[in-house]
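**Student:** This is the structure alone, sequence omitted:
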């Protein structure tokens, strides 16, 4: 029916006007939430030099910066999903973030923020560690 409101998910062409499209949208949003947490874990592991040891110097730094950009971009996509004002999609985003956290980040240190847009702040800062070492000496 042309009078019924339909959710537009991220792009004008992604109109969730059938149950099947809405279901695919929900699955996609859950996968986005899992991916956000996975990217955060990957960046944390790369930054702490636990993985991809063969990447060194500028290439490692560029990789970390690109992962940061993906983290920020995907966090803002999550915010746009929340701004559709669809409770179902919002719940799917929360489910995806929780599932991603359970899969990738349960061993990680607790950060300052649980907001995916601010996920970069959740990684411990090396300056904090340096300051604590200076205070102990």
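**Tutor:** Here it is on my side, so go on. Note that the structure is a prediction, hence the values are computed from the model and not measured. Residues are numbered from 1 along each chain as shown.

**Student:** quick check: longest helix of this protein.
**Tutor:** The helix that spans the most residues within the chain, counting by DSSP state H, is helix 19-47.

**Student:** Would you check how far apart the residue most central in space within the chain and residue 104 are?
**Tutor:** The central residue of the chain, meaning the one whose C-alpha is nearest the mean C-alpha position (Cα atoms, centre = their mean), is residue 36 at 2.3 Å. If you measure residue 36 against residue 104 using Cβ to Cβ, to the nearest Å, the figure is 10 Å. Yep, even glycine has a C-beta here, placed from its N, CA and C like the rest.

**Student:** How about residue 31?
**Tutor:** Separation of residue 31 from residue 104 (Cβ to Cβ) stands at 13 Å.

**Student:** Looking at these two, which one has more neighbours?
**Tutor:** Relative neighbour count places residue 104 above the other of residue 31 and residue 104, with 20 against 15, counting by other Cβ atoms under 10 Å.

**Student:** That one reaches residue 33, doesn't it?
**Tutor:** No: using Cβ atoms under 8 Å as the test, residue 104 is too far from residue 33 to be in contact (11.2 Å).

**Student:** low-confidence ranges in the chain?
**Tutor:** Segments of the chain classed as low confidence (criterion: pLDDT under 70) are 1-5, 50-53, 108, 110-137.
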